[in-house]
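Colleague: Provided below are the primary sequence and the corresponding predicted coordinates.
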Amino acid sequence: MHEASCHLRMLPRKILLRLTQWLDPISVVYLSSTCKDFKAVLREKYTLAALNHATTVCKYVYVYRGLDENIFRRATSEDTDRDNMARLPRLDALITNNDRNLVEKYIDAGIDPNMEIWGHGSGSLLLRAGRCTRIDIIQMLLGKGAKPRRTLWSSPSEWSILDELANWHQYNLYSTHWKETTLLFLGRGVIFSSLKMAEQLCGMQDAPHVLEVALGQGLSIHHTFTEVDTNHDGITVERENISWLHAAVPKGTPEMIKHILDRAPEQLTALEIVHTTKIPWYMLWHPTGNHMLYRFDTHRNRSPLDLAVERGKDKIVGYLLDLGIKPTFETLEGAIQLANRKQDKFYWNCRLDPMEWLEWKLQWVDLVQIIASKLDIDGAEATSLFERILDYASWAARPGGEDDGRLYLSGLLKKLSPRTQLLYADRLAFDDYENSLTEARKKLEELAGEIDQSNSECWQAWRNKVSRYGSINDGVLKRYYEMLEDVEDHVEELEFAEKKLQYIARQVKGLEEILELRRESTLGLP
C-alpha cells in the first residue's frame with residue numbers, strides 16, 4: 001500500500017480522474033486516504049457511490065450476542081438460521097463491530113459525519129456509536145466534525161446527544177460503558193437538559209464524580225427539570241420544578257442523595273409540581289371530539305420522600321427519614337400499598353430473587369411503622385386514612401389474602417389510644433382473621449418440619465457418599481467438589497426457607513395481636 005501511495009502521488013490529476021472510473025466503491029473507500037489529489041477526485045466522483053455502498057442493507061450473522069453489545073459478520077449462502085441473522089446497513093454493522101478504521105475511511109470518502117442512518121432504529125452516526133458505547137468511533141466522529149446537538153423532528157428545540165442517548169438507555173439497563181461515554185461527551189463540553197439524562201447520571205457508578213464533571217461544564221445544582229409524558233391510556237403527566245434530588249430518587253443511592261444535599265440542602269424540602277390529565281381511552285376517538293367533557297385533572301405537590309415511596313426505593317426512603325424529612329399521610333398510605341403488594345404485581349421488584357423480595361417486603365413493613373411514628377395518626381386528620389386502610393384490610397381478609405394488614409396493622413393500632421382502637425374495632429373482620437391465623441400456623445408448622453427433614457436427608461446423603469469413596473485420587477476429588485456444590489446449594493435453599501419461616505412467623509404474631517383487639521373490645525371501654 002505504501003508503494004502504491006507513492007505512485008499515486010506522481011500521477012497527474014487527469015489520470016487520477018480516469019483511474020477512479022474503473023474502481024469499485026469498496027476500493028474507493030480503502031484508497032481514499034492515499035494522496036491529496038486522489039482524495040479530491042474521490043470527493044468529486046465517488047461521494048455518492050460511497051454513500052450508497054455504506055447504506056446498502058446486507059445480511060449479517062451474530063458472532064456474539066450480549067446484553068450490551070453485538071458482533072456481526074457477513075452472512076453467506078451457508079447461513080440459514082434466520083433467528084441468528086440481522087439486516088443492517090454496512091456502516092451500521094461497522095459501528096456495531098467497532099471497526100474504527102473502515103468507518104473513518106467512509107468519512108474520508110466524503111460521507112457527512114452528521115448523516116442519519118437507518119438500522120436498528122434511526123439516528124445519527126454519533127448516536128449509533130453512542131448506543132454501542134464505541135468510544136474510539138465517537139472520538140473520531142467528533143474530530144471529523146460531528147455535531148453533538150441537533151434538532152429532532154419531534155421537538156422544536158435542539159437536543160444534546162446525551163439527551164438522545166439517555167432516552168434510549170432508559171430501556172437498556174446493561175450498557176457497561178455508559179458512564180465512560182457520558183464523561184467523554186462532558187469532557188468535550190456537551191451538556192444536557194433532560195430529566196432522563198439527569199436520572200441516568202444519578203444511577204451511574206461513581207455518580208458523584210460524574211455530577212461534579214457536569215457541574216464543571218456549566219450545569220447548576222439548582223437547575224430544575226420538566227417532563228411531559230403521555231401513555232396510550234390517555235393519561236398525560238406534566239412534571240415541573242423537578243430538583244436534582246428528585247432526579248436522584250429513581251436510580252440513585254443514599255451516597256448520591258447525600259452528595260446533592262451537601263451542595264444544596266434546601267432541596268430536602270423541595271416540591272415538584274405534578275399535573276395529571278386523564279381522558280378515558282374510549283373517548284379519545286369519540287365522533288364528537290369533545291374530550292373536555294370527560295377530562296379529569298389532578299394537581300399536587302410531591303416531595304422527594306413521596307417520590308421515593310412511589311418508586312419503591314426503600315433504602316432512599318429510610319435515608320431521607322433519618323435526615324428528618326417530614327412524611328405525610330400520603331407517604332404512609334403509599335408505604336402501606338407497597339407492604340401489601342405481591343412480587344408479580346409491579347415492575348421495580350420483578351428482578352429480585354425470592355430471598356431479596358422477602359427482605360424487601362419486610363423492609364417496607366418496618367418503614368410503615370417508622371413513618372407512622374412521625375405522624376399524629378390518633379388525630380382527626382388521620383380518620384379517613386385509617387378507615388380506608390381498615391376497609392381494605394377487612395375486604396382482603398375475606399378470601400384469606402396476605403395483603404390484609406397482618407404484617408403491619410397491629411403496629412399501627414398500638415399507636416392509637418385505647419378509645420380510638422375500640423372505635424375502629426367494628427371495622428375489622430375478626431372471624432376472617434381467625435381463619436387466616438389458623439392457616440398461617442399450619443403453614444408455619446409444615447415449613448418448620450420440611451426444613452428439619454430436608455436438612456437431615458441432605459447431611460445423611462452426604463455422609464453416605466463420603467463413606468462409599470475409598471482412597472483419595474483425582475476421581476474422588478472431583479466427586480468431593482461435586483458434593484461441596486450440593487452442600488452449597490442446600491445451604492442457599494435452607495437460608496431462603498428460614499427467611500420464609502421468619503416471614504410467616506411475623507404473620508402469625510401480627511394476626512394474634514389483631515385478634516387480641518377483639519378480646520379487649522368485649523371488655524368495654526376503660
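Modeller: Yes, it's here.
Colleague: and Leu48, helix, strand or coil?
Modeller: Recorded secondary structure, Leu48: helix (DSSP: H, G, I helix; E, B strand; the rest coil).
Colleague: residue contacts, it?
Modeller: Contact analysis of Leu48 by Cβ atoms under 8 Å, 6 or more residues apart in numbering lists nothing. No exception for glycine: its C-beta is placed from N, CA and C like everyone else's.
Colleague: distance check, it against Leu165.
Modeller: 30 Å (Cβ to Cβ, to the nearest Å).
Colleague: then Asp314?
Modeller: For Asp314 relative to Leu165 (Cβ to Cβ), the value is 29 Å.
Colleague: so between those two, which is more surrounded?
Modeller: With neighbours defined as other Cβ atoms under 10 Å, Asp314 and Leu165 compare such that Leu165 has more, 25 against 21.
Colleague: check contacts around the more buried one.
Modeller: 127, 130-131, 178, 181, 197.
Colleague: so it is in which element?
Modeller: Using DSSP states H and E, Leu165 sits within helix 161-169.
Colleague: and the angle from the helix or strand that that helix is followed by to helix 161-169?
Modeller: Later in the chain than helix 161-169, the nearest helix or strand by DSSP H and E is helix 178-187. Helix 178-187 and helix 161-169 are oriented at 160 degrees to each other (axes from the mean of the first three to the mean of the last three Cα atoms, to 10 degrees).
Colleague: surely Glu330 touches Asp306?
Modeller: Yes - applying Cβ atoms under 8 Å as the test, Glu330 and Asp306 come out as touching, 6.2 Å apart.
Colleague: those two: who's more crowded?
Modeller: It is Asp306, of Glu330 and Asp306, that has more neighbours when counted by other Cβ under 10 Å, with 23 against 16.
Colleague: is the more buried one in a helix, a strand, or coil?
Modeller: helix.
Colleague: look up how far Arg388 lies from it.
Modeller: From Asp306 to Arg388 the distance is 17 Å (Cβ to Cβ).
Colleague: and stretch 408-415, which residues are buried?
Modeller: 408-413, 415 (16 or more other Cβ atoms under 10 Å).
Colleague: in PDB, could you pull the C-alpha coordinates for it?
Modeller: The C-alpha trace of stretch 408-415 is given here as PDB (Å, rounded to 0.1, in the frame of the first residue of the first chain):
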ATOM      1  CA  TYR A 408     -48.300  -4.000  60.000                       C
ATOM      2  CA  LEU A 409     -51.900  -3.400  61.200                       C
ATOM      3  CA  SER A 410     -51.300  -4.300  64.800                       C
ATOM      4  CA  GLY A 411     -48.300  -2.000  65.000                       C
ATOM      5  CA  LEU A 412     -50.500   0.900  63.700                       C
ATOM      6  CA  LEU A 413     -53.300   0.100  66.200                       C
ATOM      7  CA  LYS A 414     -50.800   0.100  69.100                       C
ATOM      8  CA  LYS A 415     -50.000   3.800  68.300                       C
END
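Colleague: identify all contacting residues around that stretch.
Modeller: Contacts for stretch 408-415 (Cβ under 8 Å, 6+ apart): 336, 339, 365, 368-369, 372-373, 377-378, 386, 389-390, 393, 421, 424, 509-510, 513-514, 516-517.
Colleague: rerun at 10 Å
Modeller: 332, 335-336, 339-340, 364-369, 372-373, 375-378, 382, 386, 389-390, 393, 397, 405, 420-421, 424-425, 428, 433, 506, 509-517 (Cβ atoms under 10 Å, 6 or more residues apart in numbering).
Colleague: where does pLDDT dip in the stretch 251-400 of the chain?
Modeller: 279-296, 343-352, 400 (pLDDT under 70).
Colleague: cool, the stretch 51-200 of the chain as well?
Modeller: Ranges of the stretch 51-200 of the chain meeting pLDDT under 70: 64-69, 119-122, 152-156, 171-176.
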